[in-house]
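*Asks:* Sequence and predicted structure, then a few things I'm wondering about:
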Amino acid sequence: MPQRDGIELLLEIRRAPLDNSVAIIMLSNSEEPALALECVRAGAQDFLLKSEVTGPRLERAILHSRARFVLEQKLHNSFQKAKVLAEQDSLTGLANRYSFEEALSASITQKPRDNAKLALTLLDLDNFKFINDTHGHDVGDELLKQVAKRVSNCLRGNEVFARLGGDEFAIILSNLHTIDNATRVTKRILSSLEVPFIISGIDIKMSASIGIAIYPDNSVEAIELLKFADIAMYRAKKLGRNQICYFEEEMQAQFLQRYQTEAYLIGALTRNEFVLHYQPIYQLSTNKLTGFEALIRWDYKNTLQYPLSFLEIAECSGIINDIGRWVIQQSLYQISAWNLENSEQLSIAINLSPIQIKDKSLLAFIKSMLTQYNVAPHLVEFELTETTLLESNNETIEFFTSLKQLGCMISLDDFGIGFSSLSHLHNFPIDTVKIDTALILKSHEANTKRLITGICRMLQSIDIAIVAEGIENESSLSLCQQLDIDRGQGYFYTKPVDALTIKSNFI
Ligand code: C2E
Ligand code: MG
Ligand code: MG
């Protein structure tokens, strides 16, 4: 071999397309162990000294080499399979989270050429859990596969497209010269999802929320880009789903604010920072006080916070379960104390969040509190919104039925602005419907007045009691009285106030 050495030749044979079934034995005069090792690394199966070669020995070496070669091939194949399994999402065949993160780091370390940008795009299906819960996991899985296919069709094929887990997908759009390219691709993706999916004969409408973070504009770190895209995606969900949202600095500030509030909220119960305010509820025909609605307030750094500013955070983090139990205990304690001093037995209305309904031991807790404070169950009304009923399953229906069997009352809050579904009134044991403040506030407008009139007639015909919320003036009160609405609450009577004020003015 005058022109090249044995190792070079070996590498060349191994690179050739036909070498796959060839076992190679190297013969050399050199006794250096390092050379033998190098030959094996370069793809030889055995290494013999020329001085030691005899017919039988060579024959044996060939046999061994062939056997070793077959084993090596098997090992190689199973390694390839394991690699695919480790890097691929088995359901959709897309890259998985692991290989996605590797690819993201690699594309950032390689630094895109010509100042090109990179868009890290996160896509999360809207209300996917609902599909899984109502149609089962097989339908859910098939939907994920079809979504993956439709999204793939919107891509050129050279992008990294991965399923990160559940219903969350990620795409790296690289070599972008303008961000508009990312907008164009993601818009195409959202419109591709608009056509309903048909799975096992079921028509399924599915949209997605998309969050985008840009390298290097938002960050040059992979982990931070992922976090920012996630924040943008969360914002897209909040904007009403089926939206595309780019990460902005100001979002980060809001995110931090939310994060801080959550951290404070976790300790708020032990620091005794919650208070209940009570809004009196009147029988409209007689203007007689019948009870109160308990409304939570949070004394956060010496300023009273209203539920809209913290309840959603409490729900997302799950703290609502503890807060909700505190509200139940405090309200029952309070009504029991007031009723001891009052000749008329007054009722208490307590709001329940949809998250609380999923708490399996809530019913037992309510039972034990009713006993502890000796409150007659019919004086306790639990208020829930239609969102709770929308997400309901057999367990929630069972919860409401048991609550009714206990003797408590159930009200449907905020009626008239959301779904206002008749089937909810029919399928759930609802005693009372509360007409939302927003409707009563506009009751002077002819259209709204007609709507309220219609709602009242319908509810009265199926024997559901009605409470009007947000009675702010004499004219809405008199309309509610004309419509035979049973009870009402609102600033016309009084705003929600603390327990001391109630005791000195109403008990
Ligand atoms: P909601 O249950 O519909 O309560 C009525 C809301 O309307 C209260 O707002 C009340 O202050 C307000 N309101 C009462 N009368 C009038 C009026 O005449 N005009 C106007 N414009 N508004 C009036 P608040 O206290 O801010 O509570 C907001 C929502 O937070 C409640 O709506 C309820 O859904 C939720 N919430 C309050 N306390 C709790 C609680 O302890 N647990 C849960 N899960 N939710 C609660
Ligand atoms: Mg309420
Ligand atoms: Mg309401």
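*Replies:* Okay, I see it. Ligands and ions are numbered 1, 2, ... in the order given.
*Asks:* same question for whichever strand or helix holds Q257, mean pLDDT?
*Replies:* Taking DSSP states H and E as the criterion, Q257 maps to helix 249-268. In this model, helix 249-268 has a mean pLDDT of 86.
*Asks:* helices and strands around it, which ones?
*Replies:* On a contact count with 3 or more C-beta pairs under 8 Å, 6 or more residues apart in numbering; DSSP states H and E, helix 249-268 meets helix 222-238, strand 288-300, helix 307-317. Every residue, glycine included, has its C-beta placed from N, CA and C.
*Asks:* could you dump the ones you listed to a markdown table with mean pLDDT, mean neighbour count and distance to Q110?
*Replies:* Formatted as a markdown table, the helices and strands packed on helix 249-268 follow (pLDDT from 0 to 100; neighbours: other C-beta atoms under 10 Å; distance: least, C-beta to C-beta, whole Å):
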| stretch | mean pLDDT | mean neighbour count | distance to Q110 |
| --- | --- | --- | --- |
| helix 222-238 | 93 | 20 | 12 |
| strand 288-300 | 97 | 20 | 47 |
| helix 307-317 | 92 | 16 | 37 |
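*Asks:* mind saving the C-alpha coords of the helix holding Q257 as CSV?
*Replies:* In CSV, the C-alpha atoms belonging to helix 249-268 read as follows (Å, rounded to 0.1, in the frame of the first residue of the first chain):
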residue,chain,number,x,y,z
GLU,A,249,-41.5,42.5,27.7
GLU,A,250,-44.6,43.9,29.3
MET,A,251,-46.0,40.4,29.5
GLN,A,252,-43.0,39.3,31.5
ALA,A,253,-43.7,42.1,34.0
GLN,A,254,-47.4,41.0,34.3
PHE,A,255,-46.3,37.4,34.6
LEU,A,256,-44.0,38.4,37.5
GLN,A,257,-46.8,40.4,39.1
ARG,A,258,-49.1,37.4,38.9
TYR,A,259,-46.4,35.1,40.2
GLN,A,260,-45.8,37.4,43.2
THR,A,261,-49.6,37.6,43.9
GLU,A,262,-49.7,33.9,43.8
ALA,A,263,-46.8,33.6,46.3
TYR,A,264,-48.6,36.1,48.7
LEU,A,265,-51.9,34.3,48.2
ILE,A,266,-50.5,31.0,49.4
GLY,A,267,-49.7,32.5,52.8
ALA,A,268,-52.8,34.7,53.0
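*Asks:* What residues of the next helix or strand after it count as buried?
*Replies:* As assigned by DSSP H and E, the chain's next helix or strand after helix 249-268 is strand 274-283. Residues F274, L276, H277, Y278, Q279, P280, I281, Y282 are the ones in strand 274-283 that count as buried (16 or more other C-beta atoms under 10 Å).
*Asks:* Stretch 318-330 too?
*Replies:* I319, I320, N321, I323, G324, R325, W326, V327, I328, Q329, Q330.
*Asks:* sorry, back to before: and the buried residues of strand 274-283, which is closest to ligand 1?
*Replies:* Relative to ligand 1, the closest of those is Q279; by C-beta to the nearest ligand atom it sits at 5.6 Å.
*Asks:* so who does that closest one touch?
*Replies:* F292, E293, L295, Q489, T494, K495, P496, V497 (C-beta atoms under 8 Å, 6 or more residues apart in numbering).
*Asks:* List the beta-bridge partners for the residue nearest to E273 when sequence neighbours are not counted.
*Replies:* In space, and not counting its chain neighbours, E273 is closest to D299: 4.7 Å by C-beta to C-beta, 6 or more residues apart in numbering. For D299, the beta-bridge partners are L304 (DSSP bridges).
*Asks:* ok, longest helix in the protein?
*Replies:* As assigned by DSSP state H, the longest helix anywhere in the chain is helix 55-87.
*Asks:* how about it: buried residues?
*Replies:* With burial defined by 16+ other C-beta under 10 Å, the residues of helix 55-87 counted as buried are A61, S65, F69, E87.
*Asks:* what's the neighbour count on F128?
*Replies:* 18 (other C-beta atoms under 10 Å).
*Asks:* and it, how far is that from Q252?
*Replies:* Distance of F128 to Q252, computed by C-beta to C-beta, to the nearest Å: 26 Å.
*Asks:* what do you get for M409?
*Replies:* 45 Å.
*Asks:* can you pull the contacts of I357?
*Replies:* L384, T388, S392, T396, F399.
*Asks:* so what's it closest to, chain neighbours aside?
*Replies:* T396 (5.3 Å).
*Asks:* what's the answer for A42, then?
*Replies:* L10 (4.7 Å).
*Asks:* just E293 next, same as before
*Replies:* E293's closest residue in space is A349 (C-beta to C-beta, 6+ apart), at 4.1 Å.
*Asks:* I figured that neighbour was touching E383, is that so?
*Replies:* Yes. Taking contacts as C-beta atoms under 8 Å, A349 lies within contact range of E383: 5.5 Å.
*Asks:* Can you report how many residues lie near the closest residue to L226 other than its chain neighbours?
*Replies:* Sequence neighbours aside, L120 is the residue nearest to L226 in space, at 6.6 Å (criterion: C-beta to C-beta, 6+ apart). As a burial measure, L120 scores 30 neighbours (other C-beta under 10 Å).
*Asks:* Name the residues of this protein found near ligand 1, please.
*Replies:* 279, 295-296, 306-308, 311, 324, 327, 351-353, 383, 413-414, 437, 469-472, 489-491, 496 (C-beta under 6 Å from any ligand atom).
*Asks:* 5 Å - rerun?
*Replies:* Contacts of the chain with ligand 1, taken as C-beta under 5 Å from any ligand atom, map to 295-296, 306-307, 327, 351, 353, 413, 437, 470, 472, 490-491, 496.
*Asks:* Tell me, how many residues neighbour I214?
*Replies:* Neighbour tally, I214, other C-beta under 10 Å: 22.
*Asks:* related to what we said a few turns ago, now do the contacts for the residue nearest to A42.
*Replies:* I24, M26, C39, A42, G43, A44.
*Asks:* got it, and S200?
*Replies:* Applying C-beta under 8 Å, 6+ apart, the residues near S200 are H135, D138, V139, E142.
*Asks:* swap in N505?
*Replies:* V497.
*Asks:* Can you tell me the SS state at it?
*Replies:* Classification of N505 using DSSP: H, G, I helix; E, B strand; the rest coil returns helix.
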